[in-house]
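[1] whatever this is, show me its structure:
(one chain, ligands or ions: 1)
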Amino acid sequence: MSGDIAGKVAWVTGASSGLGHRFAQVLAGEGAVVALSARRGGRLELLGAEIAAAGGRALVLPLDMQDVAAIRAAAARIADELGPIDILVNNAGISRQARLEAFAEADYDVVMNVDVKGAFFAAQEAARQMIAHQRQGRIVNIASIAAFRALGQQAPYSMAKAALVAMTKCQAKEWGRHGINSNAICPGYIRTEIGGDFWDTEGGAKLIAGLPRRRMGEARDLDGLLKLLCSGEASRFINGAAMVADDGAMA
Ligand SMILES: NC(=O)c1ccc[n+]([C@@H]2O[C@H](COP(=O)([O-])OP(=O)(O)OC[C@H]3O[C@@H](n4cnc5c(N)ncnc54)[C@H](OP(=O)(O)O)[C@@H]3O)[C@@H](O)[C@H]2O)c1
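    You can find the predicted model right below:
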C-alpha cells in the first residue's frame with residue numbers, strides 16, 4: 001500500500017513525544033527522510049539518532065510553533081538540506097484545562113497559537129514548496145474527536161481542533177489542483193503526555209470504563225491511517241476528509 005513513501009521528504013511537527021514521535025518512526029520505517037520539530041531538542045536528537053542507527057535519515061529542528069518566523073526558517077532548512085517537502089504531518093498540539101468562565105487569556109492564546117496558527121503556517125510553508133516543485137504533496141493535520149464533541153473544560157482545544165478540520169477542507173479545495181491532498185486524522189483517546197495524569201484519576205478511569213472496549217488506544221493504532229494518507233497512490237481520491245480513529249468512542 002505505502003511503498004511510495006520511500007524517498008519522500010516528510011516533516012513531522014511535535015515529534016518529541018507521543019503520536020508525533022511514533023509518526024516519525026513509522027514514516028522513517030517506510031523509507032522517508034524525516035524532519036523532526038518540537039521545542040525539546042534533546043528528545044528530537046535521541047529520535048534522530050535512533051532513526052539514523054536503523055539506516056534512515058533525520059534532520060532535527062528545535063522550534064516553538066508559536067513562532068511563525070521559526071516555522072518559516074525550519075521549512076527553508078528542510079528544503080536546503082533534505083529537498084522540497086513532500087509530506088507534512090501537522091501534529092504539534094497542546095491543551096489547557098479550565099472552565100469556560102475561568103479560562104485565562106494566556107492559556108487561550110497558547111492553545112490557538114500552537115494548534116491553529118502554527119499548523120496553518122506550517123502547512124502554508126509546506127504547500128508553497130509542494131506547489132513550486134510540483135510535488136505530489138500530502139498534508140495530514142492531526143485534529144481530534146474534540147472537533148466534534150465537547151471535552152471537559154477544554155473549550156479552546158475543541159475549538160482549535162474544529163478549526164483544523166475546517167482548515168483541512170479549505171486546503172483540499174485550494175490545493176487539490178496542485179496535486180496536494182489534505183486530510184485530518186481525528187484520534188480518540190490515546191495515552192500520551194497531553195493527557196497528563198488524568199487517566200490515573202477517578203474521572204479518567206470512569207471515562208475508560210465507558211468506552212466500547214474499556215481501553216484506550218496506543219500510538220501504533222494510527223499507523224495504518226497515517227500510511228494511507230501519506231501514500232501517493234493509496235490516497236489519490238481522499239482529499240478534505242476528517243477521518244475518525246477512536247475505537248468507537250463517539251459511536
Ligand atoms: N493523545 C490523544 O488522546 C490525542 C487525541 C486526539 C488528538 N491528539 C492530538 O495529537 C497531537 C499529538 O499529541 P500527543 O497526544 O502525542 O501529545 P504529546 O505527547 O503531548 O505531544 C505533543 C507534541 O506537540 C509538541 N508541542 C507542544 N507545544 C509546542 C510548541 N509550542 N512548539 C512546538 N511543538 C510543540 C510537543 O513537543 P515539545 O513539548 O517538545 O515542544 C510534543 O511533541 C496533538 O495535536 C493532539 O492534540 C491527541
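
[2] so where do the strands sit in the stretch 51-200 of the chain?
    Ranges of strands within the stretch 51-200 of the chain are 58-62, 87-90, 138-142, 181-187, based on DSSP state E, counting those that start in this stretch.

[3] these: which one's closest to residue 239?
    strand 181-187 (4.5 Å; Cβ to Cβ). To be clear about C-beta, it is placed using only N, CA and C from the backbone, and glycine gets the same treatment.

[4] now the helix or strand that comes right after the closest one: average pLDDT?
    Later in the chain than strand 181-187, the nearest helix or strand by DSSP states H and E is helix 202-209. Averaging pLDDT along helix 202-209 yields 97.

[5] who touches helix 202-209?
    152, 189, 195, 198-199, 214-216 (Cβ atoms under 8 Å, 6 or more residues apart in numbering).

[6] swap in stretch 45-56?
    With Cβ under 8 Å, 6+ apart as the criterion, stretch 45-56 contacts 15-16, 21, 24-25, 28-29, 31, 33-34, 36, 57-60.

[7] repeat for stretch 210-224
    18-19, 21-23, 26, 185, 187-192, 199, 208, 245-249, 251.

[8] apply 6 Å and report the result again.
    Identification of contacts with stretch 210-224 by Cβ atoms under 6 Å, 6 or more residues apart in numbering yields 19, 22, 26, 189-191, 245, 247-249.

[9] returning to what we had before: which two of the contacts of stretch 45-56 have the greatest separation?
    16 and 31, at 22.3 Å, using Cβ to Cβ across those.

[10] those two: who's more crowded?
    Shown here are residue 16 and residue 31; by other Cβ atoms under 10 Å, residue 16 has more neighbours (25 against 16).

[11] Provide the secondary structure category for the more buried one.
    What DSSP: H, G, I helix; E, B strand; the rest coil gives for residue 16 is coil.

[12] and the gap between residue 105 and residue 98?
    Remark: distance between residue 105 and residue 98 (Cβ to Cβ, to the nearest Å) = 11 Å.

[13] compare those two (neighbour count), which wins?
    Each of residue 105 and residue 98 had its neighbours counted (other Cβ under 10 Å), and the higher figure belongs to residue 98 (14 against 7).
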